[in-house]
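*Asks:* Below are the sequence and a predicted model; questions follow.
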Amino acid sequence: MRSTLFPLLFSTALTCLVSAASFAGETCDALIKKGDVFYAKLQPTEALKYYLPAEQLEPDNVPLLVRIARQYRHLQTECSSKSDKARWASMAVQYAKKAVGLAPEDPEAQLAVAVSYGKLLPFQSTKEQLTCSKAIKAAAEKTIELNPRGDLAYQVLGRYYFTYADVSGVKRALGNLRYGSIPTAKFEDAAKCFEKAIELNPNRLMHYIELGRTYAKMNRPDEAKKLINKGLSMPNTEKDDPETKQMGKEVLKSLM
């Protein structure tokens, strides 16, 4: 498949130049508010038309950098090419890392790092994934420390535990030989995180589907089916909800 990254990058760069001229005289706050309209509609390309010119005015605006990182993650969701997905995820990581570098005690900046690295993870080598996973866990735990009421940090930490709990004994032994110690985890650790995420925010379908997937691994099929069906019945509110629902459907099939 022919990569669409160059046209997308060219379009974004061109948009920035046009926007910078079009929005001359507007304040950073005004541009952010306009971008927020499209942020709420899950329209990343449109949101960036305002956020990127705003960044030119205030390059160290941490909430803005966090917003931009999220838009690049959303662009990743809209791409079909693996190379494009990897590069948009890399852009998200760059903005998130800049935000956390400026404000290490900001929970939203820490969360942006954890989530952005999670989006990059599938496109990395095993060695890179191990390093990246440590950064994800550290950022998620720091987010929880700074904001114990944030459900998304528990979601990210739950996925971390699930990933390493799901490593087979053979793969772990081989990985330990080649890369050093592979992190250990239990599905029970993941379940506790997803249960906490639901407690904090019962309105995100991803929490139910991830907990259902975890219960399936724990040989609790009836509870797994109930939770996944609960998630599937909820309306899409996040950019990657359709992808999450598809994963849930695949788990349900395996439980038939």
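*Replies:* Thanks, I have it.

*Asks:* make it CA atoms for all contacts and neighbour counts henceforth
*Replies:* OK.

*Asks:* Distance of the closest residue to Ala197 other than its chain neighbours relative to Tyr161?
*Replies:* Using CA to CA, 6 or more residues apart in numbering and skipping residues adjacent in sequence, the residue nearest Ala197 is Asp151, 4.5 Å away. Per CA to CA, to the nearest Å, Asp151 is found 16 Å from Tyr161.

*Asks:* can you pull out the helices in the stretch 101-250 of the chain?
*Replies:* 107-120, 126-146, 151-165, 169-179, 187-200, 205-217, 221-233, 241-254 (DSSP state H, counting those that start in this stretch).

*Asks:* Could you dump the ones you listed into CSV and include distance to Arg67 and mean pLDDT?
*Replies:* Putting these into CSV (distance: least, CA to CA, whole Å; pLDDT from 0 to 100) gives the following:
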stretch, distance to Arg67, mean pLDDT
helix 107-120, 9, 97
helix 126-146, 17, 94
helix 151-165, 15, 97
helix 169-179, 35, 73
helix 187-200, 22, 98
helix 205-217, 21, 98
helix 221-233, 26, 98
helix 241-254, 19, 97
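
*Asks:* Let's have these in a markdown table, adding mean neighbour count and distance to Leu42.
*Replies:* Formatted as a markdown table, those follow (neighbours: other CA atoms under 10 Å; distance: least, CA to CA, whole Å):
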| stretch | mean neighbour count | distance to Leu42 |
| --- | --- | --- |
| helix 107-120 | 25 | 17 |
| helix 126-146 | 18 | 24 |
| helix 151-165 | 24 | 18 |
| helix 169-179 | 12 | 38 |
| helix 187-200 | 21 | 22 |
| helix 205-217 | 26 | 17 |
| helix 221-233 | 19 | 20 |
| helix 241-254 | 16 | 12 |
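
*Asks:* Same list (the ones you listed) but as CSV, adding distance to Ala89.
*Replies:* Below are the helices of the stretch 101-250 of the chain laid out as CSV (distance: least, CA to CA, whole Å):
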stretch, distance to Ala89
helix 107-120, 5
helix 126-146, 13
helix 151-165, 16
helix 169-179, 24
helix 187-200, 24
helix 205-217, 20
helix 221-233, 26
helix 241-254, 16
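
*Asks:* residues contacting the nearest residue to Ile144 once chain neighbours are set aside?
*Replies:* Spatial nearest neighbour of Ile144, chain neighbours left out: Ala153 (6.2 Å); criterion: CA to CA, 6+ apart. Ala153 sits next to 111, 114, 140-141, 143-144 when contact means CA atoms under 8 Å, 6 or more residues apart in numbering.

*Asks:* farthest-separated two in the residues you listed?
*Replies:* Ala114 and Ile144 (11.4 Å; CA to CA).

*Asks:* Now do Cys193 against Asn201, distance only.
*Replies:* Going from Cys193 to Asn201 by CA to CA gives 12 Å.

*Asks:* and what of Glu188?
*Replies:* Counting by CA to CA - Glu188 and Asn201 are separated by 20 Å.

*Asks:* any idea how far the residue nearest to Ala190 when sequence neighbours are not counted lies from Glu145?
*Replies:* Among residues not flanking Ala190 along the chain, Gly158 sits closest, at 4.2 Å (CA to CA, 6+ apart). Gly158 sits 15 Å away from Glu145, going by CA to CA.

*Asks:* residues touching Lys137, list them.
*Replies:* Shown in contact with Lys137 (CA under 8 Å, 6+ apart): 114, 156-157, 160.

*Asks:* Tabulate those (a markdown table), appending distance to Glu55.
*Replies:* Listed next are these as a markdown table, based on distance: CA to CA, whole Å:
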| residue | distance to Glu55 |
| --- | --- |
| Ala114 | 22 |
| Val156 | 27 |
| Leu157 | 30 |
| Tyr160 | 32 |
